[in-house]
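S.K.: quick one, structure for this:
(one chain, ligands or ions: 1)
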Amino acid sequence: MAEKEFTTAELVEAQAQVWNLMFGYLKSMCLKCSLELGIADVLKKHGKPMELSELTSALSIPPSKFEPFDRFMATLVHLELFGKKQDDLGATKYMLTPASHLLVKDEALNITPLIILNLDPFICDSSHVLAPWFKSPKESPFELYFGKGITDVLGEKPEFNKMLNEGMASDSRFVCNVVMTSCRDVFKGLKSVVDVGGGTGTMARSIAHAFPGIKCTVFDLPHVIDTVEDQQPGVEYVGGDMFASVPHANAVLLKPFHLERMGGKLL
Ligand SMILES: C[S@@+](CC[C@H](N)C(=O)[O-])C[C@H]1O[C@@H](n2cnc3c(N)ncnc32)[C@H](O)[C@@H]1O
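M.R.: Okay, the predicted model is just below:
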């Protein structure tokens, strides 16, 4: 059967689609840049919408970068990371949106450590070798890129281990808040819970705090459990390999597991 011919209009639309994919990484980099500049923190501290000149002054952006910064803010507004409105005098003012609220560092529910983790070259770089990975015997792109699995690298490099644990803990704080306010019923009747791959135990600590009658266990690889400094009484910490055995409990919590980080073993 002859291959379907595409119309010029379809191909022009397709080109826009491919361009969108081609430059998709810039959305992530804009998020990273806004975090590093501390735009959300400055807006939060100011307490009300800010004009561009106020933002550039608070962020110490030099005049030579005013124009690109203006375009950068327009991009962030387009991405709905920040909002803008005109005041009564017609001046454009920038403000926080729910998304940028999550970037404010001194807010309890900020998820900045998770963003820092996932946009660090340590995590991103191996995505450049996806194609060779499909044709290689390596278990993960990470292993192909770094020559060893992420667990081995984390065991050797405490700074990455710390970044991973802080990133996951910030995600857990967020999820805990949502679960504890909206899904409390799932814990009804439980006497014990084991958080498998529970990291530093943020989730288990919250459950133990909210439901003192539930025995909570954090189960993770030994090198992770060994680094937990503030082990809370009432929460048990157990090091081990989930593929060997898991401590017994009424319920098992798995949150969230990246297959690549598990060496692809769950695939
Ligand atoms: C993506 S993190 C999630 C951490 C935590 N559940 C959270 O949401 O913040 C995955 C966790 O699984 C742990 N892990 C990986 N392989 C494991 C294994 N074989 N046995 C137990 N834990 C493992 C990692 O050390 C890491 O802490």
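S.K.: going by C-alpha atoms from here, please, whenever you check contacts or count neighbours.
M.R.: Will do.
S.K.: would you mind listing what in the stretch 51-200 of the chain touches the ligand?
M.R.: With the criterion set to C-alpha under 6 Å from any ligand atom, the stretch 51-200 of the chain comes near the ligand through Met168, Ala169, Asp171, Ser172, Gly197, Gly198, Gly199.
S.K.: shaky segments in the stretch 51-200 of the chain?
M.R.: Across the stretch 51-200 of the chain, nothing is flagged by pLDDT under 70.
S.K.: work out which residue lies at the spatial centre of this structure.
M.R.: In the chain, the residue lying closest to the centroid (C-alpha atoms, centre = their mean) is Leu114, at 3.3 Å.
S.K.: which residues are in contact with that residue?
M.R.: Counting by C-alpha atoms under 8 Å, 6 or more residues apart in numbering, Leu114 touches Leu164, Glu166, Gly167, Met168, Ser170, Asp171.
S.K.: and Asn118, how far is that from the ligand?
M.R.: Distance of Asn118 to the ligand, computed by C-alpha to the nearest ligand atom, to the nearest Å: 11 Å.
S.K.: ok, that residue - contacts?
M.R.: Going by C-alpha under 8 Å, 6+ apart, the list of residues near Asn118 reads Cys124.
S.K.: mind checking how far it is from Tyr237?
M.R.: Noted for Asn118: a distance of 26 Å to Tyr237, by C-alpha to C-alpha, to the nearest Å.
S.K.: got it, and Met50?
M.R.: 47 Å.
S.K.: how about Gly213?
M.R.: 17 Å.
S.K.: so for these two, which sits in the more crowded spot?
M.R.: More crowded of Gly213 and Tyr237, by other C-alpha atoms under 10 Å: Tyr237, with 24 against 14.
S.K.: what about the more buried one, which helix or strand?
M.R.: Assigned by DSSP states H and E, Tyr237 belongs to strand 235-239.
S.K.: continuing past that strand, what's the next helix or strand?
M.R.: Using DSSP H and E, the helix or strand that follows strand 235-239 towards the C-terminus is strand 251-254.
S.K.: and the strands in the stretch 101-250 of the chain, which stretches?
M.R.: Secondary structure of the stretch 101-250 of the chain (DSSP state E, counting those that start in this stretch): strands at 192-196, 215-220, 235-239.
S.K.: let me know which of the ones you listed is tucked in deepest.
M.R.: strand 215-220 (a mean of 24; mean count of other C-alpha atoms under 10 Å).
S.K.: next, the buried residues of stretch 139-151.
M.R.: Glu139, Ser140, Pro141, Phe142, Glu143, Leu144, Tyr145, Gly149, Ile150, Thr151 (16 or more other C-alpha atoms under 10 Å).
S.K.: try stretch 86-99
M.R.: Those would be Lys93, Tyr94, Met95, Leu96, for stretch 86-99 by 16+ other C-alpha under 10 Å.
S.K.: wait, a strand at the third one?
M.R.: Yes. The assignment for Met95 is a strand, going by DSSP: H, G, I helix; E, B strand; the rest coil.
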